[in-house]
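Engineer: the sequence and its predicted three-dimensional model are supplied below.
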Amino acid sequence: MNSPAVPSPANSHVKPAAPVRPLDPRAVAAVLAGIRTDSQREPETFLRDTEVPYGGE
Amino acid sequence: MANHPDVFQRLVGLETEYALHSSASGGQQLPSRYALFSEVLAALKRKIPCARARTMKEGAFHAAGGAVWFETERPALGGGLIEGATPECRSPRQVLAWQRAQDELLAEAASAAFGGALKLIKNDRDAAGNVYGAQENYDAEFAAGWRLVAWRTALVLLAPLAIVTWIVLWMLDLLAAGYAIVATLIYLTAERFLPRPEWLARLLFGCTVRELATDVPTGPPWLESLLTTAARIVAGPLSTLLLIVLWFTAFARIRRELTPFLISRPIVSGSGMIDDQGSFHLSDKAPAMSCLTGLGGWLGSRPIYCLVNFLKPVFAESRLVWQQYRRLFAPRQRLQIALGDSNLADAAEYLRVGTTMLVLDVIEAGEMPSVPRVRRPIRSLRAICSDPTLAARIPLAGGGSATALEIQRFYLEACRRFLERRPDAPAEARDVLRRWEDVLDMLTDDPQGLVGTLDWVTKQFVLDKAGRGAAWEVRKKIDIRYHELSPQGYFQRLRTTGIVLDILERAEIDHARRNPPLGTPATVRGRYIREWAADEELIAANWHAVYLGQGRECKVVRLDQVHARPAEQAADQRKRSPRNSDRN
């Protein structure tokens, strides 16, 4: 079996408290600007193309 | 030190229905959803060994233990979904790893199948209000005492009706096959006399003959409607009687003590949603819930506790396979929770499953204090979800009211006391407890600090920063594209900035992409699939067994024993050990 050495998750060490994340505010602002631009591009077409007729369970 | 036998021992798994986004559609007609599914499945098989699924749904199990299906919701009318199911896991961290692995595998398969033009969207509701998405499954105590006796007695008494139902449904199958033969004969006879026989093909087969050659026919919509209606009428008496019995017997204690927790859980694990009026809700799926307990789409309801899995073995999945019917007598069964959103954020998914497993452990240990019982649960759920300030107070049965945060803290304290009495409980249970408390504290003091940790907070942040003042369509696109599993998906874009809190190591996801979780039925299933999948005709699988070979040579490997909790497996092995035999 080609399993790498990953311990069984149920008993493995768990990560310590959520670390303070190195946040790059400029990167976040750039991504948000990109989202703003993309979201205004043919939103009606996007919404129509992503419809799921009759839904699911 | 051995782990405590009643903490994080149950089997748990997630089912996820994915919406599709084709960026190359621009006026082109997409293949049918079934054809899309077939191509995605073929691409998946090139990535990981697969075996044919021997179930009522068409699909495959793969070597990592999970499955992918075509969820057939009115395929002749353009419906149908790609659904992935994680393998059975035993801890929230396992579930998270195998869910992420599944998301990646299926997104890559979709992209590979259509040259990057097809993307999966992991959400629960489209712009037209159609609902689909996530379901959780937990191995849980079905009933005890008189309720278990009543359920088993009902199963015995209903067996004759089940047999009649099976036979009539089988006759419907025969009628459908007969129709296909007659329709083909009519078409072949009439074709030479008609100048444009395409209309006759559409009437008889639901598509043209050329399409028949390239796509698997779903049949005409009128036939689909007729057969669906007939099947529901035939199964009506049995499903109604079963629902009545299930109402009184199934998971009665769990439903009573878990419901307030589930109703308040969207403040932690909701994905957020823009409604038709542009208002923000905490949850994508919760506003669609219509009742606490029911049979789901079979009777047109959307219950929090979906019991339709008890009908499938009775008349849909087995058709006279007694083993499936007999399995319904077991005191532990699959508890299916349909109230839950598809999460993108690791922490939200981890806490959704982890906190629910902990609360179930407390309930089954009989250590849950008297819970704050909620009056009008569905109305209260909607009130909680429509108030992102988390100030909404919902009425309690004994008088008074509570916020969702207060209810969550009640359960947090119950779980804390439960774990304090179990010093040898898995470290992961304490990790869930700690993260849960951190999140509730942050929701109280500084919700904005949870951007990148909880989905609804993150989506609200993106809507505020990138969609403020925009038209509804723009904001709804942000709502939905947040969930797209591609580099263009908005959550995925945010992930590149370091704002998203990752819980898993990359190695854990890579491991889960190739291997089944240990100590579960998936371990055995996945190993057989990897060994035998070179000849796909020779292996098939479902949740309970692996089938090797064909016809009379077929060997069946039962997975039921691996379903047992590790503590029960160990006890069973002790009973069977030679030393014990000698002593006896």
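Structural biologist: Structure received.
Engineer: in the stretch 301-450 of chain B, what residue is nearest chain A?
Structural biologist: Of all residues in the stretch 301-450 of chain B, the one sitting closest to chain A is residue B:431 (3.8 Å; CB to the nearest CB). Placement of C-beta: from N, CA and C, glycine included.
Engineer: and the residue of chain A that's closest to chain B?
Structural biologist: Closest point on chain A to chain B, by CB to the nearest CB, is residue A:56, at 3.1 Å.
Engineer: which non-adjacent residue is nearest that residue?
Structural biologist: residue B:132 (3.1 Å; CB to CB, 6 or more residues apart in numbering or on different chains).
Engineer: please, where are all the helices along the stretch 251-400 of chain B?
Structural biologist: Ranges of helices in the stretch 251-400 of chain B, per DSSP state H, counting those that start in this stretch, are B:252-264, B:266-269, B:308-311, B:322-327, B:346-364, B:377-385.
Engineer: ok, now how distant is the residue of the stretch 301-450 of chain B closest to chain A from residue B:500?
Structural biologist: Applying CB to CB, to the nearest Å, the value for residue B:431 to residue B:500 is 19 Å.
Engineer: got the CA coordinates for the longest helix anywhere in chain A in CSV?
Structural biologist: Counting residues, the longest helix found in chain A (DSSP state H) is helix A:25-39. Taking Å, rounded to 0.1, in the frame of the first residue of the first chain, the C-alpha atoms of helix A:25-39 are listed here in CSV:
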residue,chain,number,x,y,z
PRO,A,25,-3.5,43.7,3.5
ARG,A,26,-2.4,44.7,0.0
ALA,A,27,-2.9,41.2,-1.2
VAL,A,28,-6.4,41.1,0.3
ALA,A,29,-7.3,44.4,-1.2
ALA,A,30,-6.0,43.2,-4.6
VAL,A,31,-8.1,40.0,-4.4
LEU,A,32,-11.2,42.0,-3.4
ALA,A,33,-10.7,44.4,-6.3
GLY,A,34,-10.4,41.4,-8.6
ILE,A,35,-13.6,40.0,-7.2
ARG,A,36,-15.4,43.3,-7.6
THR,A,37,-14.4,43.4,-11.3
ASP,A,38,-15.3,39.8,-12.0
SER,A,39,-18.6,39.9,-10.2
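Engineer: what does the helix or strand just after it rub up against?
Structural biologist: For helix A:25-39, the following helix or strand on the C-terminal side (DSSP states H and E) is helix A:43-49. For helix A:43-49, the surrounding residues in contact (CB atoms under 8 Å, 6 or more residues apart in numbering or on different chains) are B:21-23, B:25, B:126-127, B:471, B:473-474, B:476-477, B:480-481.
Engineer: run through these and flag the ones next to chain A.
Structural biologist: Filtering the contacts of helix A:43-49 for proximity to chain A by CB under 8 Å from any CB of the partner chain leaves B:21-23, B:25, B:126-127, B:471, B:473-474, B:476-477, B:480-481.
Engineer: adding neighbour count, secondary structure and pLDDT, write the residues you listed out as CSV.
Structural biologist: Converted to CSV, these look like this (neighbours: other CB atoms under 10 Å in any protein chain shown; DSSP: H, G, I helix; E, B strand; the rest coil; pLDDT from 0 to 100):
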residue, neighbour count, secondary structure, pLDDT
B:21, 23, strand, 89
B:22, 17, strand, 81
B:23, 14, coil, 70
B:25, 15, coil, 51
B:126, 20, coil, 95
B:127, 22, coil, 96
B:471, 14, coil, 98
B:473, 16, helix, 98
B:474, 22, helix, 98
B:476, 26, helix, 98
B:477, 28, helix, 98
B:480, 25, helix, 98
B:481, 27, helix, 98
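Engineer: of the residues you listed, closest to residue B:254?
Structural biologist: Checking the ones next to chain A among the contacts of helix A:43-49 against residue B:254 with CB to CB, the nearest one is residue B:126 at 31.6 Å.
Engineer: so what's that closest one up against?
Structural biologist: By CB under 8 Å, 6+ apart, the neighbours of residue B:126 are A:47, A:50-52, A:55, B:19, B:480.
Engineer: change it to 10 Å
Structural biologist: A:47-48, A:50-53, A:55, B:19, B:132, B:476, B:480 (CB atoms under 10 Å, 6 or more residues apart in numbering or on different chains).
Engineer: give the buried subset of those as a PyMOL selection command.
Structural biologist: Of the contacts of residue B:126, the buried ones go into a single PyMOL selection, burial set by 16 or more other CB atoms under 10 Å in any protein chain shown:
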select buried, (chain A and resi 47+50+51+52+53+55) or (chain B and resi 19+132+476+480)
